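S.K.: Any chance you can model this:
(chains A and B)
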There are 2 protein chains.
Amino acid sequence: MGPGPCNPYPEAVEALGRPLLGHLDPEFLAILDETCARLRTVFRTANERTLPVSGTGSAGMEAAFVNTVADGDVVVVGVNGLFGERMCDVAGRCGARVVRVDSPWGAPVDPEPVLDAARRHQAKVIAAVHAETSTGAVSDIAALGAGKGDALLLMDCVTSIAGIPVEVDEWAVDIAYAGTQKCLGVPPGLAPLTIGERAWERRIERPRSWYLDLGMIGDYTGAARKYHHTAPVAMVASLHGGLGAILDEGLTAAHARHEACGRALQAGLEEMGLKLFASEGHRLPELTTVSVPDGVDAAAVRRALLERFSIEIGGGVGQYAATVWRIGCMGHTARPRNVTMLLGALGEILGR
Amino acid sequence: MGPGPCNPYPEAVEALGRPLLGHLDPEFLAILDETCARLRTVFRTANERTLPVSGTGSAGMEAAFVNTVADGDVVVVGVNGLFGERMCDVAGRCGARVVRVDSPWGAPVDPEPVLDAARRHQAKVIAAVHAETSTGAVSDIAALGAGKGDALLLMDCVTSIAGIPVEVDEWAVDIAYAGTQKCLGVPPGLAPLTIGERAWERRIERPRSWYLDLGMIGDYTGAARKYHHTAPVAMVASLHGGLGAILDEGLTAAHARHEACGRALQAGLEEMGLKLFASEGHRLPELTTVSVPDGVDAAAVRRALLERFSIEIGGGVGQYAATVWRIGCMGHTARPRNVTMLLGALGEILGR
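M.R.: Residues are numbered from 1 along each chain as shown, chains lettered A, B, ... in the order given. Here you go, the predicted structure:
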């Protein structure tokens, strides 16, 4: 119950252990094709170029920037936590002139100043994190899409995908990436990514990164079937299995399950007298942040949860390292029984 | 029996399916530490900075270059196949001035002209592939180490590690990377990498790639334990298991097994009247290349092997796509019974 990885779906685990197929085996290529199709369903996009990048979520972030940004391009980043900050670092290394627009940690990204900055600086890219894993706050990406003008809109949906509604096409998102170890319920190791026509036409033809070159990767995952690098076949099979579990349940039902578990957890924590960290009305159900009560040793409580109850929760990030806990209810872990057990265990440790 | 992935060791498969640990869980960090220690053993190095990069072998290649090469630095690459060519592309994207020194495909890299070019151009980096997966030829990396002078020596040992002797420290290699899906007998998805003090002191402080920044990655895998990205925990556990299997057998015994299987395969193919492709005296035991006999449809034979016998072998690369087969005997697949079965199946299909 940390901020990810969660417990993977049984279907994702089972797929990991199957006899290994070659990355050019027709049987594997069929699994890869179906994985890309399933990713289109969870991203809610018709984008042909929707595929798993062979690295963790941060590789997806780097792939998104390195394929769209060249030296001197302006990137406006809405920052309300660690992953927005990371975007600034990654975009800067790609040569971008980064314009950073801050909102307080725990609050959502405020769309207006971001869109103002994008107009003023004639941004090539507007970037924001949909669900900030460092704070548990959700931001309004649709508002950025509606006002983006000529810019490309780049979305991080690592912690939102399959946990709350994500609408790549409806929100006019041009490029988005996710991670497997949150609400997709698969071990970490892949970064699902989708890129639309508008971003594709304005992409960097020969990006600085060979490994993350979406043109070359797409020549393997697409009809050309041209070898680029050896796909991480076991992880792709696992993603295929996890997506299958989610789509069998139904995406809407999976959202409802995350919502029910997250809200029950948040209510239980407040009943215990604890204070939630993220701004009311902008709290993710799948990732809850809690202020550590005065006088309580945050790390000692986490250790007790792990050692006595085998429950992992996360600490805070940056200046909140010792004053915030992050509790995940993601993927296969998002079950009412886990909420009940966590509340019971935490209550006993805190004596509440 | 393709050029990788091979069949993974049972220990590597078993580890994939274990309950998933968090990337900051003390139990996982102990596995990570032991994995790095085991990697030092197979790389034959005392380098503190020895770790699994969170991507496939090609991510290891990119990590090696992006951390050592900046705009205008000269990189001399010995090219005798596809992966040497890939090095040129990757180094070029990192901003290097690339000096390419070619040897024929199927032959080893000739050390003298490479060292001459390095002296003439005052190279910062000399790079070569130890075992060319595209041709099955092995090159003399020790000769490059002995003559490297002030340059850094960068070695690709993706297909050699754990299959034939690799001696990072003895050969004076400054930075080397491997892949998990060849003789390490683990599914693809990680790139073991080692970097020595000499390369570390001359590294790029803020490389163009955030994801592959070895300084930041080392702060997570090393004593600082600072979060960088979410480690692909299942794949790390699998690598830990595969390395355990190899070290239980003994590295020398694993080499001997690869040697015995590969030579038996090569002898059997020649007895069948087939011609081996790689130059005599420079043939890898773990990857055998065979010239397709005149009048034989290379792809149809591969299809028949797969469909009738569930045996995968690889096609050739580039100009040799239709005229060479590549047959792997790697990792858990390197067993005499597999050699016998492949020879029987191929003999029946070819009518020899």
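S.K.: drop to CA atoms for contacts and neighbour counts, all remaining ones
M.R.: Will do.
S.K.: Next, count neighbours for A:Ala30.
M.R.: Residues contacting A:Ala30 under the criterion other C-alpha atoms under 10 Å in any protein chain shown number 11.
S.K.: name the element it belongs to?
M.R.: Assigned by DSSP states H and E, A:Ala30 belongs to helix A:26-43.
S.K.: cool, A:Gly268 as well?
M.R.: helix A:251-271.
S.K.: chain center to that helix: distance?
M.R.: Distance of helix A:251-271 from the chain centroid (C-alpha atoms, centre = their mean, to the nearest Å) equals 18 Å.
S.K.: Who are the packing partners of that helix?
M.R.: Helices and strands touching helix A:251-271, by 3 or more C-alpha pairs under 8 Å, 6 or more residues apart in numbering or on different chains; DSSP states H and E, are strand A:275-276, strand A:287-291, helix A:336-350.
S.K.: Next up, the contacts around the residue nearest the centre of chain A.
M.R.: The C-alpha lying nearest the average C-alpha coordinate of chain A belongs to A:Val158 (C-alpha atoms, centre = their mean; 0.5 Å). Contacts for A:Val158 (C-alpha atoms under 8 Å, 6 or more residues apart in numbering or on different chains) come out as A:Gly57, A:Ala131, A:Tyr177, A:Ala178, A:Gly179, A:Thr180, A:Lys182.
S.K.: So which of the residues you listed sit within strands?
M.R.: A:Ala131, A:Tyr177 (DSSP state E).
S.K.: coming back round to it: what packs against the following helix or strand past the helix holding A:Ala30?
M.R.: Using DSSP H and E, the helix or strand that follows helix A:26-43 in sequence is strand A:49-53. Identification of packing neighbours for strand A:49-53 by 3+ C-alpha pairs under 8 Å, 6+ apart yields helix A:26-43, strand A:191-195, helix A:214-221.
S.K.: which of the ones you listed sits most buried?
M.R.: strand A:191-195 (a mean of 27; mean count of other C-alpha atoms under 10 Å in any protein chain shown).
S.K.: so for stretch A:234-244, what's the average pLDDT?
M.R.: For stretch A:234-244, mean pLDDT rounds to 98.
S.K.: From the chain's centroid, how far away is that stretch?
M.R.: Worked out by C-alpha atoms, centre = their mean, stretch A:234-244 lies 17 Å from the chain centre.
S.K.: residues in contact with it?
M.R.: A:8-17, A:20, A:31-32, A:34-35, A:38-39, A:52, A:180, A:184-187, A:189-190, B:187-189.
S.K.: Which residues belonging to that stretch are considered buried?
M.R.: A:Ala234, A:Met235, A:Val236, A:Ala237, A:Ser238, A:Leu239, A:His240, A:Gly241, A:Gly242, A:Leu243, A:Gly244 (16 or more other C-alpha atoms under 10 Å in any protein chain shown).
S.K.: Would you tell me which one of these comes nearest to chain B?
M.R.: When the buried residues of stretch A:234-244 are ranked by distance to chain B (C-alpha to the nearest C-alpha), A:Ala234 comes first, at 6.4 Å.
S.K.: what helix or strand is the closest one on?
M.R.: Here A:Ala234 is assigned to helix A:233-249, by DSSP H and E.
S.K.: and the angle for that helix with helix A:26-43?
M.R.: Calculated by axes from the mean of the first three to the mean of the last three C-alpha atoms, to 10 degrees, helix A:233-249 forms an angle of 50 degrees with helix A:26-43.
S.K.: if we can go back for a sec, so what secondary structure elements neighbour the helix holding A:Ala30?
M.R.: Using 3+ C-alpha pairs under 8 Å, 6+ apart: helix A:26-43 touches strand A:49-53, strand A:191-195, helix A:233-249.
S.K.: In TSV, list the ones you listed along with distance to B:Asp25.
M.R.: Shown next, in TSV, are these (distance: least, C-alpha to C-alpha, whole Å):
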stretch	distance to B:Asp25
strand A:49-53	25
strand A:191-195	22
helix A:233-249	21
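S.K.: how about those, which one is nearest B:Leu154?
M.R.: strand A:49-53 (25.8 Å; C-alpha to C-alpha).
S.K.: Quick one: end-to-end length of stretch A:269-283, please.
M.R.: 14 Å (C-alpha to C-alpha, to the nearest Å).
S.K.: That one: which residues count as buried?
M.R.: In terms of neighbour count (16+ other C-alpha under 10 Å), stretch A:269-283 has its buried residues at A:Leu269, A:Leu274, A:Lys275, A:Leu276, A:Phe277, A:Ala278, A:Ser279, A:His282, A:Arg283.
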